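just to be clear, the model below is a prediction. Sequence and coordinates:
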Amino acid sequence: MVEFQNVSFSYGDVPVVENLSFTIQKGETVGLIGANGAGKSTIMKLMLGLLSGSGEIQVDGLPVCRDNLAEIRKKIGFVLQDSDNQMFMPTVYEDMIFGPRNYGLSKEETEQRVDAVLNQLGLTALKHRYNHKISGGEKRMAAIATILTMAPETILMDEPSTALDPVNRRTVINTINTLPQTKLIASHDLDMILDTCQRVILLSQGKIVADGPADHILRD
């Protein structure tokens, strides 16, 4: 589903990722771990074409280039690290319908998706709440809901458990484990990674230093 071949990227003269090569199979859930600045968020932005480096990246067989960005972004949902950068409409409901409606889904089908996702996450009470009046944890859950409403083939999650209380954190973990999509999860919450991912890629200074079964790497 995702393939990186000799990918490098620098901010100015500062290298962030160097000569990365890896593949993620369809339906696989992969954890991306490493210290701050290791390149986790950069990898996700490169997949979406938000950043452009050297080397080759493919998503579902499509090279990540300007001509393919619209199609690639239909295939990928990105849960941002900062929910305030993702929730830009007045209410949770308006945020959830924005993407599906702009991609041409009918009002009826969009409503069905919204209600199904809110019910799945136990967030029905947030449907018509104003984004500026909900807590940080609620906003994080709502941001995840907006992406699930898009029903993407691949989901990228950047620190999905940040600001969540134990109950909502467990809900997110359970939700991730029921999703059939390909998933790439960047997180410092290693317990969550162990609970959700079969495989882990460990980054250090922009390079892959380990790639293998989650229980093996996280227990080492």
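On my side now, so go ahead.

let me know the pLDDT of Met141.
We have a pLDDT of 84 for Met141.

SS state for Ala151?
Applying DSSP: H, G, I helix; E, B strand; the rest coil to Ala151 yields a three-state assignment of coil.

contacts only, for it.
By Cβ atoms under 8 Å, 6 or more residues apart in numbering, Ala151 lies in contact with Arg113. C-beta: built from backbone N, CA, C; applies to glycine.

let the chain start at 499 from now.
In the new count, where the first residue is 499, that last one comes out as Ala649.

distance check, it against Arg611.
From Ala649 over to Arg611 the distance is 7 Å, taken as Cβ to Cβ, to the nearest Å.

now Ile653
Ile653 sits 15 Å away from Arg611, going by Cβ to Cβ.

how about Gly635?
Taking Cβ to Cβ, one finds Gly635 at 23 Å from Arg611.

give me the most central residue, the protein.
In the chain, the C-alpha nearest the mean C-alpha coordinate belongs to Leu654, at 1.9 Å (Cα atoms, centre = their mean).

quick check, that one in contact with Leu578.
No - using Cβ atoms under 8 Å, Leu654 is not in contact with Leu578, being 9.1 Å away.

next, the residue nearest to the centre of the chain: phi, psi?
phi -100, psi 130 (degrees, to the nearest 10).

what segments of this protein are helices?
If DSSP state H is used as the criterion, the helices of the chain fall at 538-545, 567-573, 590-600, 605-619, 634-647, 664-676, 688-694, 712-716.

what's the mean pLDDT across the first one?
Helix 538-545 shows an average pLDDT of 93 in the prediction.

name the residues that touch that helix?
Outside helix 538-545, the residues that touch it by Cβ under 8 Å, 6+ apart are 500, 502, 505, 507, 514-515, 518, 530-532, 549-551, 555, 557, 562, 570, 574, 576, 579, 654, 656, 682, 684, 701.
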